[in-house]
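Student: next input, structure requested:
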Amino acid sequence: ASISQHTHELVHLGQMDGVRVLYLDKVEPERTLRVWSRIGSRAPAARTAMGRAMLAADGVRGAALTAYAEATEGDDAGTVISAAHLAEVVEQTAARGWSAEIEENEAGIACVGVALTHEGGRSLAVSVTGPIERMGPQRREEVGQLLREELARLAPHGYALAPRS
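Tutor: I've put the predicted structure just below:
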């Protein structure tokens, strides 16, 4: 909730479920934002900031990314993501420590995500979602840094902020 209060945007918590992200929780900001997500729903990991953050954090690279990219093909909800594009995005995410998704999952919406790793367990990710008008390049950078700082502080026992590569 503190991340939503800091950013005044929608915040999601998720974990991997095969090649998709399972939405575990959602904190709505004071100002409303209509997005399709709901707790218990799933979206292709390749097309979400949370999924991209977890792929980077969990070291999923190369040919292993193909199945994640292919999961974006059979559903009409958003952009089809190629394995090459996904590989590029995952490398960029690993280097800077946060992921971005800009209108690839939903028109007019941008997200920034950060992963928390768990030794011997499943990674989690948190994303901040907002309308593209409020989530330009500079704002995404600010939100990425804020998410890293807040999650380093708030990470539950046994979880650690995904390191930068």
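Student: contacts, neighbours, all on C-alpha from now
Tutor: OK.
Student: contacts for stretch 138-157?
Tutor: If you take C-alpha atoms under 8 Å, 6 or more residues apart in numbering as the criterion, stretch 138-157 is touched by 3, 7, 97-100, 111-114, 116, 126, 128, 160-161.
Student: need the next SSE after the helix or strand of the chain at the bottom of the mean pLDDT ranking, C-terminal direction.
Tutor: Using mean pLDDT, DSSP states H and E, helix 2-7 stands out as the lowest-scoring helix or strand of the chain, at a mean of 88. Following helix 2-7 in sequence order, the next helix or strand is strand 10-17 (DSSP states H and E).
Student: residues in contact with that next one?
Tutor: By C-alpha under 8 Å, 6+ apart, the residues outside strand 10-17 that reach it are 1, 3-4, 21-29, 33, 45, 50-51, 54, 122-130.
Student: measure Val114 to Ala77 for me?
Tutor: According to C-alpha to C-alpha, to the nearest Å, Val114 stands 23 Å off from Ala77.
Student: neighbour count: these two, which is higher?
Tutor: Neighbour tally, Val114 and Ala77, criterion other C-alpha atoms under 10 Å: the higher count belongs to Val114, 34 against 15.
Student: tell me which stretches of this protein form strands.
Tutor: Remark: strands assigned in the chain by DSSP state E are 10-17, 20-27, 42-44, 99-102, 109-118, 124-131, 159-161.
Student: mind putting these into TSV with mean pLDDT?
Tutor: Below are the strands of the chain laid out as TSV (pLDDT from 0 to 100):
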stretch	mean pLDDT
strand 10-17	95
strand 20-27	95
strand 42-44	93
strand 99-102	97
strand 109-118	96
strand 124-131	96
strand 159-161	95
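Student: in the protein, where's the longest helix?
Tutor: helix 137-154 (DSSP state H).
Student: and the angle from that one to strand 124-131?
Tutor: Here the directions of helix 137-154 and strand 124-131 differ by 150 degrees (axes from the mean of the first three to the mean of the last three C-alpha atoms, to 10 degrees).
Student: rounded mean pLDDT for helix 137-154, please.
Tutor: Across helix 137-154, pLDDT averages out at 96.
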